[in-house]
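Peer 1: model the following, please.
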Amino acid sequence: MAGDVRRKVPSVDTLLRSKPGQRASATVGRPLLKRTLLATLDEIRAVAADGTEPPSDDEILTVAIGRAADTAFGLTPVINATGVLLHTNLGRAPLAGSAIRAIARTASGYADLEIDRTTGVRGRRSTRAELLLASLTDAEDALVVNNCAAAVVLALAALAEGRSVLVSRGELIEIGGEFRIPDIMRASGARLVEVGTTNRTRLSDYRNALDDRSAAILKVHPSNYKVVGFTAEVSAKDLGALARKTEIPFLYDVGSGLLEHERGFAGDEPTVRGALADGADLVTCSADKLLGGPQAGCVVGRADLISTLRTHPLARAMRVDKLQVAALEATLRLHATGRHDEVPVHAMMHAGDEVLAKRAHRLSRSIGGDLEGAHVVRCDSVVGGGSLPGLSLPSWGVRMKVPDPPAFAARLRSGSPSVFGRVEDGNVVLDVRTVTDEQLHDLARAVLYALEGDDLGDEG
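Peer 2: Below is the predicted model of the structure:
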């Protein structure tokens, strides 16, 4: 051990007592900095085990302080130039201005979240949002929980715990983050009964699987992939008829939250209203996808079933907070009054070709003088977020030819503002469909600073 270079690694206390350590403690907090230093020093000791010289104290502090600051200062707003409208890793749907203002109003004080202002009697959370949802989808009733997976778990737990639920093998999907329908069903206490095959399921498969232990039929829209070729699936209308005949509930998870088809952009994506019309007893969906609202899970359908879900113990564990309620109410009001284009994801989907071309040319002119290899190009956007798989939206962007595209993209991401683009065919592409006109100036400046290997820094 006499020659062990790990002995040269400083202690946490030594680094915390240093002047840089004290200054950083005042900025990010001593507990967080200490925790970050411990993790950083563990990494250094592991590398030093093979004789590698450890970094200097200043270098260690620089790394640890940077990591601590990234945590302390929270979420960083980014410019999304990926062309993925509902980018899950970037927070899915950006909120409408009215939803943002509703959050600010609600967050700044108290609100009538669970009380009737007329009588002073305790009321039910989310009443207005649920009434709007039911009205928009022509449902008997509605319920709002904190996300779509929660909505599915609650429905299964309330209606089928300890009993069987029939699901097509072709719909046993993974919804991301390694959350899979079989796992969700297991967590709910329902017993999965697989019917059909991966690529072909017939109505007779469901009919033959029904017995006295069957509690529900579940249809799951495979919204993040598409199976083509020798395939067959049972329509919601046929499943609804079978469920009515056998007197068990038909549950349909449509996922994306598209309320109804508009302007021909929706392809074959099922709508909430359409699923109910086809005979689904309960329909579940996300609020932060094509609905364009905050993260929430929506359940609409039969009033008696909604009542059963609402009184289940899990419903309280899955309830939304006042900020989600405020944003969802504001978003639903836009849909209810036909102001769809005020919902950012809808505005992006329906942006005209001429508008996008002009936006791309504005961006190109802003950076073209400093980057000879910047060109306006045609490109394709996608909806993303597990919605409309296989649908490409023709778009415009700026293609940049740089010596090291991955390194340049990394500089864009770590800059200020942070910019996410995509690397294609050895070039960095900035798709302007997901960039607002108001962001173009900052985007151009971020590109120019990334070309210099720097960022914008803080400007008062």
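Peer 1: can we go C-alpha only for contacts and neighbour counts from here?
Peer 2: Will do.
Peer 1: next, P389: secondary structure please.
Peer 2: Following DSSP: H, G, I helix; E, B strand; the rest coil, P389 is assigned to strand.
Peer 1: do the one 4 residues further on as well
Peer 2: Classification of L393 using three-state DSSP returns strand.
Peer 1: which residue, other than its chain neighbours, is closest to it?
Peer 2: The shortest distance from L393 to any non-neighbouring residue, by Cα to Cα, 6 or more residues apart in numbering, is to S381 (4.9 Å).
Peer 1: that's a helix at that neighbour, yeah?
Peer 2: No. Counting by three-state DSSP, S381 falls outside a helix, being strand.
Peer 1: what's the host helix or strand of V419 in contact with?
Peer 2: For V419, the host element (DSSP states H and E) is strand 418-420. Outside strand 418-420, the residues that touch it by Cα atoms under 8 Å, 6 or more residues apart in numbering are 76-82, 409, 412-413, 443, 446.
Peer 1: so the residue nearest to L393 makes contact with N80?
Peer 2: No. The criterion here is Cα atoms under 8 Å, and S381 misses it with N80 at 11.8 Å.
Peer 1: any weak-confidence spans in the stretch 151-300 of the chain?
Peer 2: The model of the stretch 151-300 of the chain has pLDDT under 70 over residues 176-178, 223-225, 262-267.
Peer 1: which residues of it fall in helices?
Peer 2: Using DSSP state H, counting those that start in this stretch, the helices of the stretch 151-300 of the chain run over residues 181-188, 203-209, 236-246, 272-277.
Peer 1: domain-wise, how is this protein divided?
Peer 2: 5-72, 78-90+346-451, 97-340 (automatic domain parsing).
Peer 1: rebuild those domains as TSV, extending it with mean neighbour count.
Peer 2: Listed next are the domains of the chain as TSV, based on neighbours: other Cα atoms under 10 Å:
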stretch	mean neighbour count
domain 5-72	16
domain 78-90+346-451	19
domain 97-340	19
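Peer 1: on that earlier part again, among the contacts of strand 418-420, which are in strands?
Peer 2: 78-80 (DSSP state E).
Peer 1: reformat the residues you listed as JSON lines; add pLDDT and distance to L334.
Peer 2: Output for the ones in strands among the contacts of strand 418-420, formatted as JSON lines (pLDDT from 0 to 100; distance: Cα to Cα, whole Å):
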{"residue": "V78", "pLDDT": "97", "distance to L334": "25"}
{"residue": "I79", "pLDDT": "98", "distance to L334": "25"}
{"residue": "N80", "pLDDT": "98", "distance to L334": "24"}
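Peer 1: picking that back up, how about the helices of the stretch 151-300 of the chain in TSV, adding distance to W396?
Peer 2: Formatted as TSV, the helices of the stretch 151-300 of the chain follow (distance: least, Cα to Cα, whole Å):
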stretch	distance to W396
helix 181-188	37
helix 203-209	44
helix 236-246	37
helix 272-277	31
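Peer 1: next one, pLDDT for H441 please.
Peer 2: pLDDT, H441: 96.
Peer 1: ok so, going back, show me what contacts the residue nearest to L393?
Peer 2: Taking Cα under 8 Å, 6+ apart as the test, what S381 contacts is 82-85, 392-395, 431, 433.
Peer 1: quick one: it from K358, how far?
Peer 2: S381 is 16 Å from K358, where distance means Cα to Cα, to the nearest Å.
Peer 1: kindly report the same for I175.
Peer 2: Between I175 and K358 the distance is 36 Å, computed by Cα to Cα.
Peer 1: with P182 instead?
Peer 2: The gap separating P182 from K358 is 47 Å, by Cα to Cα.
Peer 1: pull the contacting residues for the nearest residue to F230 once chain neighbours are set aside.
Peer 2: Once flanking residues are discounted, F230 sits nearest to N199: 6.9 Å by Cα to Cα, 6+ apart. Going by Cα under 8 Å, 6+ apart, N199 touches 170, 227, 230-233.
Peer 1: what's the most distant pair in these?
Peer 2: Among these, the pair separated by the greatest distance (Cα to Cα) is G170 and F230, at 12.5 Å.
Peer 1: need the overlap of contacts for the two.
Peer 2: Taking Cα under 8 Å, 6+ apart as the contact rule, G170 and F230 both touch 199-200.
Peer 1: closest to Y206 out of the contacts of N199?
Peer 2: E233 (11.1 Å).
Peer 1: distance of the nearest residue to that closest one once chain neighbours are set aside relative to N208?
Peer 2: Ranked by Cα to Cα, 6+ apart and with sequence neighbours excluded, the top spatial neighbour of E233 is T201, at 5.1 Å. Computed as Cα to Cα, the T201 to N208 distance reads 12 Å.
Peer 1: check H340 too.
Peer 2: In terms of Cα to Cα, H340 sits 44 Å off from N208.
Peer 1: and the strands in the chain?
Peer 2: 78-80, 141-145, 164-168, 191-195, 214-220, 250-255, 282-286, 297-301, 374-384, 387-400, 418-420, 422-424, 427-431.
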